[in-house]
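Asks: Predicted structure and sequence below. I'll ask about it afterward.
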Amino acid sequence: MSRRALISVYDKEGIDAFARSLSELGWELVSSGGTASFLEGQGLEVTTVEDVTHAPEMLGGRVKTLHPRIHAGILARRDLPEHVDTLAEHDILPIDLVCVNLYPFAKVAAERGRSEAEVVEMIDVGGPSMLRAAAKNFAHVTVVSSPDQYEDVLAELREHGDTTGDTRRRLAREAFETSAVYEATIANWFGDTERFPEQLTLALRKVTNLSYGENPHQAGAYYREVGARRHLLSQVEQLGGKELSYNNLVDLEGARRVLREFVMPAVVIVKHANPCGVAVAATIEEAWERALAADPVSAFGCVALVNRDIHGALGARIAEHFVEVLMAPGFDDDAVEALRRKKALRILHDRERRSETPGERDYKRVLGGMLVQERDSDIQDREEMQVVAGEVTEQQWGDLLFAWRVCKHVSSNAIVIVRDLQTIGVGAGQMSRVDSVRIAVEKARAHGHDLQGAVLASDAFFPFADGPELALGAGIAAIIQPGGSKRDADVAAAVDAAGAALVFTGRRHFRH
């Protein structure tokens, strides 16, 4: 008796060659609807599902494979006499291979302008049922859930006459993974109307293995969220350099968030997920020089992002420094040639043109679970802020808003000192806010920056006047911070006494 393969696929790529090879190996092809018509159009002999079930397709194709004569053929255990007898009693032939790929729900749901009815029609019912049935009976049935599996399955069939038990078990796992991701994507789509649904299921698909994790002894990989319209590397082409590491991607995400704060030519240099040099200028070349000069020591081995195309001269200038990763919206040939001389430099061409995805969540792993929050995409205008001490000049407003936007992306306790739209001192990740101020001031001085007339941003309120007093004594002329401390009046008095200005934003931007 010839073996039977049930084929029902939405994505027809490669299925003609796969089905033809099965037919040449003596398999009977059983298929339904559009797949049957497609295979017949390729000159293949096909037994239709209607011939097997003795029932027509119903409800516009919604019901075709959901039938005992299909699922009994898939689920019957060949090693149980009672199962074999039941098949014989009802004149049902076993199905030995199931090849199914599902309706593209995630793709359609992510497309703009699609109606709810159109998205709902992409919820596959029969496909997951067949995959799960075949995967459950992997001891006897080969389940093929992706075109990527076609060649491996055919190779084993040609070599052994059947797939091995280990292969069927692996394919079963991959089929259940496919089904689980599919169902999770649908559930999350239905839950999109809630900020935090009662049940939140993450569906992730691997994009690439990484050279290593945070440290060389840790393995790492990068996964994307299934159903997301885009992800960190979805519009990125690597033009040169080594493969990306875990830390590269962490820094890349951090730098990208800062860069999206600015429209003018801007450069963001990040080290250990914190910006160490940020500048905007009239040209991208000037912005690079100013961002690098902000803290050239910390910039050694950095990740750098720019929001304008890189041309030959700038490419050569950047190549003079040790940069781990460089990402830009475009490169000319001279720039690429200059940058490729640095064999380790990862050159990334970013074609992404859109801003943050609204409604994205941030996740942090904790023991046995996840902390989930809305992403901090807040941008404030100066009209929402309050000047509580001194007077703020127009130039200071520009620097204060620039500092406030950068500060949002620095690890708490975060202090950012800015002069002329250039960071000149950053204090990050300290347990004491005073220590963060001290570090920011010392960094500015170490690199020869003039603190007189500079401005300072703090991601959270100053609980005492000591932090501001340290900054004011160094020459800081204006401070921006959320306010909200019991001692706000003391802080405002200290600033006013120094002849400086103080702005309260009313919003905090912790980043732990």
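Replies: The structure has been received and is ready for your questions.
Asks: When you work out contacts or count neighbours from here on, use the C-alpha atoms and nothing else.
Replies: Fine.
Asks: tell me what the helix or strand bottoming out on mean pLDDT in the chain is packed against?
Replies: Counting by mean pLDDT, DSSP states H and E, the chain has its least confident helix or strand at helix 49-53, which shows a mean of 77. Identification of packing neighbours for helix 49-53 by 3 or more C-alpha pairs under 8 Å, 6 or more residues apart in numbering; DSSP states H and E yields helix 68-75.
Asks: so where's the stretch 201-350 of the chain uncertain?
Replies: 227 (pLDDT under 70).
Asks: how many other residues sit next to residue 512?
Replies: Close neighbours of residue 512, defined as other C-alpha atoms under 10 Å, add up to 9.
Asks: right, I mislabeled it, should have said residue 352
Replies: A count of nearby residues for residue 352, using other C-alpha under 10 Å, gives 15.
Asks: wait, isn't it in contact with residue 235?
Replies: Yes: look at residue 352 against residue 235 with C-alpha atoms under 8 Å: they come within range, at 5.4 Å.
Asks: Thought residue 336 was touching residue 313, still the case?
Replies: No: at 10.7 Å, residue 313 and residue 336 do not qualify as touching, with contact defined as C-alpha under 8 Å.
Asks: Give me the more crowded residue out of those two.
Replies: Summary of the neighbour comparison: residue 313 and residue 336, criterion other C-alpha under 10 Å, with residue 336 having more neighbours (20 against 13).
Asks: On the three-state scheme, the more buried one is what?
Replies: Local secondary structure at residue 336 is given as helix here, using DSSP: H, G, I helix; E, B strand; the rest coil.
Asks: who's in contact with it?
Replies: Contact partners of residue 336, counting by C-alpha atoms under 8 Å, 6 or more residues apart in numbering, are 239, 312, 315.
Asks: Remind me which helix or strand the last one belongs to.
Replies: Taking DSSP states H and E as the criterion, residue 315 maps to helix 312-319.
Asks: helices and strands around that helix, which ones?
Replies: Here helix 312-319 is seen to pack against helix 333-340 when contacts are counted using 3+ C-alpha pairs under 8 Å, 6+ apart.
Asks: Following element in sequence after the helix it packs on, please.
Replies: If you walk from helix 333-340 toward the C-terminus, the next helix or strand you reach (DSSP H and E) is strand 346-350.
Asks: re the thing from before, so which bits of the least confident helix or strand of the chain are buried?
Replies: Across helix 49-53, burial judged by 16 or more other C-alpha atoms under 10 Å covers 49, 50, 52, 53.
Asks: Return the alpha-carbon coordinates of it using CSV.
Replies: Output for helix 49-53, consisting of C-alpha atoms alone and laid out as CSV, is shown next (Å, rounded to 0.1, in the frame of the first residue of the first chain):
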residue,chain,number,x,y,z
VAL,A,49,-10.1,15.9,0.5
GLU,A,50,-13.7,15.7,-0.7
ASP,A,51,-12.9,12.3,-2.2
VAL,A,52,-11.6,11.2,1.2
THR,A,53,-14.4,12.6,3.3
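Asks: Outside of it itself, list whatever touches it.
Replies: So helix 49-53 is contacted by 30, 31, 32, 56, 57, 64, 65, 67, 68, 69, 70 (C-alpha under 8 Å, 6+ apart).
Asks: Stretch 320-334 too?
Replies: The contact list for stretch 320-334, computed with C-alpha under 8 Å, 6+ apart, reads 248, 299-313, 315, 344-352.
Asks: What distance separates the opening and closing residues of it?
Replies: Separation of the first and last residues of stretch 320-334 by C-alpha to C-alpha, to the nearest Å is 15 Å.
Asks: Please apply the same query to stretch 189-206.
Replies: Start and end residues of stretch 189-206 are separated by 20 Å (C-alpha to C-alpha).
Asks: Distance from the chain centre to that stretch, please.
Replies: Taking C-alpha atoms, centre = their mean, to the nearest Å, one finds stretch 189-206 lying 15 Å from the centre of the chain it belongs to.
Asks: quick one: buried residues of it?
Replies: By neighbour count, with 16+ other C-alpha under 10 Å as the criterion, the buried positions of stretch 189-206 are 189, 203, 204.
Asks: Check the gap between the second one and residue 165 for me.
Replies: Computed with C-alpha to C-alpha, the distance linking residue 203 and residue 165 is 28 Å.
Asks: Repeat that for residue 113.
Replies: Between residue 113 and residue 165 the distance is 45 Å, computed by C-alpha to C-alpha.
Asks: quick one: which of those two has more around it?
Replies: Counting neighbours by other C-alpha under 10 Å for residue 113 and for residue 165 shows that residue 165 has the greater number, 14 against 9.
Asks: Please name the nearest non-neighbouring residue to that one.
Replies: Leaving aside its chain neighbours, residue 165 sits nearest to residue 139 (6.6 Å; criterion: C-alpha to C-alpha, 6 or more residues apart in numbering).
Asks: now the helix holding residue 315 and helix 333-340, what's the angle there?
Replies: Helix 312-319 and helix 333-340 are oriented at 10 degrees to each other (axes from the mean of the first three to the mean of the last three C-alpha atoms, to 10 degrees).
Asks: Could you point out the longest helix of this protein?
Replies: Looking only at the chain and at elements set by DSSP state H, the helix with the highest residue count is helix 165-190.
Asks: Now do the buried residues in that one.
Replies: Going through helix 165-190 with 16+ other C-alpha under 10 Å, the ones that come out buried are 167-169, 171-186, 188-189.
Asks: and if you look at stretch 272-290?
Replies: Buried residues in stretch 272-290, defined by neighbour count with 16+ other C-alpha under 10 Å: 273-281, 284-290.
Asks: Okay, and which of those map to helices?
Replies: 284, 285, 286, 287, 288, 289, 290.
Asks: I'd like these laid out as a markdown table, including distance to residue 128.
Replies: Putting these into a markdown table (distance: C-alpha to C-alpha, whole Å) gives the following:
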| residue | distance to residue 128 |
| --- | --- |
| 284 | 51 |
| 285 | 54 |
| 286 | 56 |
| 287 | 53 |
| 288 | 52 |
| 289 | 56 |
| 290 | 56 |
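Asks: Closest one of those to residue 388?
Replies: For residue 388, the nearest member of these is residue 290. The distance, counting by C-alpha to C-alpha, is 31.2 Å.
Asks: May I have the helix or strand where residue 83 lies as PDB, with CA atoms only?
Replies: With secondary structure defined by DSSP H and E, residue 83 is part of helix 81-89. Extracted as PDB, the C-alpha positions of helix 81-89 are listed here (Å, rounded to 0.1, in the frame of the first residue of the first chain):
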ATOM      1  CA  PRO A  81      -4.700  -3.300  16.900                       C
ATOM      2  CA  GLU A  82      -7.900  -1.500  18.000                       C
ATOM      3  CA  HIS A  83      -6.900   1.600  16.100                       C
ATOM      4  CA  VAL A  84      -6.000  -0.400  13.000                       C
ATOM      5  CA  ASP A  85      -9.300  -2.300  13.200                       C
ATOM      6  CA  THR A  86     -11.300   1.000  13.600                       C
ATOM      7  CA  LEU A  87      -9.700   2.300  10.400                       C
ATOM      8  CA  ALA A  88     -10.500  -0.900   8.600                       C
ATOM      9  CA  GLU A  89     -14.100  -0.900   9.900                       C
END
